[in-house]
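**Q** Predicted model, plus sequence, below.
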Amino acid sequence: MHRGDAFRTFTVLSGGVGGARFLQGLLHLLGPAARTEEGPAVTVVANTGDDLWLHGLKVCPDLDTVMYTLGGGIDEERGWGRTGETWQAKEELAAYGVEPTWFGLGDRDLATHLVRTQMLDAGYPLSAVTTALCERWRPGVRLLPMSDDRVETHIVVDDAAEPSGRRAIHFQEYWVRLHAQVPARAVVPVGLDASRPAPGVLEAVRDADVVLLPPSNPIVSIGTIVGVPGVRDALRATTAPVVGLSPVVAGSHVRGMAAQLLTALGIEVGAAAVAEHYGARSSGGLLDGWLVDEADADQVQRVRDAGIPCRAVPLMMTDPGATAAMAQAALDLAAEVRG
């Protein structure tokens, strides 16, 4: 089976950097087939649990990382933010003593948040705002927020100054200020239970030919998207095969803080354990197939014993070609399980 020829429409549930880089590989693989007569063949449902309000502006890190990466505006070295960025506004805010100083908005990035906030204030939902922003960036995919409703992930950490001995902080404070270097005691996605899928999200899952879960964080990226009421049911009901790629290689995350958050939930930090966390769709879970890295080949049978077809392939996204090969492996497994 060559490229994505077994499938016509693709839905990808994505976090930030890992999801965006996987999408680069998928589009590299598909080539011209990434666009159909009706529009992009790839729909991306992006996590918005990392979103925050900062200096009166709505900031959507994962949506913007996908948009900038696929639109050619990302800082490739960092994996986030704009290329050629400057930080004069951040420096001026710091000179005024305005907090937080640990999360800075670059001058070029600032324009995106100004436009987004202006449109939100005018009454447009986040999904419509995202479509408008993508008119500039032309990412080659249909980019959807998981929800138009406000959802913000908080992390519970130890704090001896609090009567309870703990406090909840925004995910971005845990990741950007604390660098995920303190134990996470719990993950609290505020507003998730009351949220609704953004327009087009459920249809993108139900009507796809294949659904892919890239190597994004299984707790605060994929897990948050799946936690939007209706999304899990749509994944279980779709006729499309659902195939995921492990974000854990040789017992550690490749990037980010998956290990800390898996540990907080009492989940083993391992490729097979993440697959078991998602579960086999044949027994009420999410997965029809799972890819682990070659370094975790000894875990393939354990995943299969959990009822999930599994293969070991290279999963390091070192360049577009290597990432395209990962996407091809995922599509090959999806074609196999579909029969």
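**A** Cool, got the structure.
**Q** next one: the top helix by length along the chain to chain centre, how far?
**A** What stands out as the longest helix in the chain, according to DSSP state H, is helix 320-338. Centroid separation between helix 320-338 and its chain, computed with Cα atoms, centre = their mean, to the nearest Å, is 18 Å.
**Q** Kindly report the same for stretch 217-228.
**A** Distance, stretch centre to chain centre, for stretch 217-228: 8 Å (Cα atoms, centre = their mean).
**Q** what's the span of that stretch from first residue to last?
**A** Start-to-end span of stretch 217-228 (Cα to Cα, to the nearest Å) is 16 Å.
**Q** What pLDDT does the model give the residue nearest the centre of the chain?
**A** Against the mean C-alpha coordinate of the chain, by Cα atoms, centre = their mean, the closest residue is Gly15 at 1.2 Å. We have a pLDDT of 96 for Gly15.
**Q** From what I see, it and Val45 are in contact.
**A** No. Using Cβ atoms under 8 Å, Gly15 is not in contact with Val45, being 10.7 Å away. All C-beta spots, glycine's among them, are computed from the backbone N, C-alpha and C.
**Q** partners of the top strand by length along the chain, with directions?
**A** If you go by DSSP state E, the chain has its longest strand at strand 152-158. According to DSSP bridges, strand 152-158 forms sheet pairs with strand 166-170 (antiparallel), strand 186-190 (antiparallel).
**Q** Go through these and name the closest to Val115.
**A** For Val115, the closest of those is strand 166-170, at 22.9 Å, according to Cβ to Cβ.
**Q** can you pull the buried residues of that closest one?
**A** Ala168, Ile169, His170 (16 or more other Cβ atoms under 10 Å).
**Q** Could you single out the nearest of the residues you listed to Gly285?
**A** Closest to Gly285, out of all of these and judged by Cβ to Cβ, is Ala168, at 28.4 Å.
**Q** Quick one: residues in contact with the longest helix of the chain.
**A** With contacts defined as Cβ atoms under 8 Å, 6 or more residues apart in numbering, helix 320-338 is touched by 1, 3-4, 6-7, 21-22, 24-26, 28-29, 210, 212, 241, 243, 245, 288-289, 291, 309, 311, 313-317.
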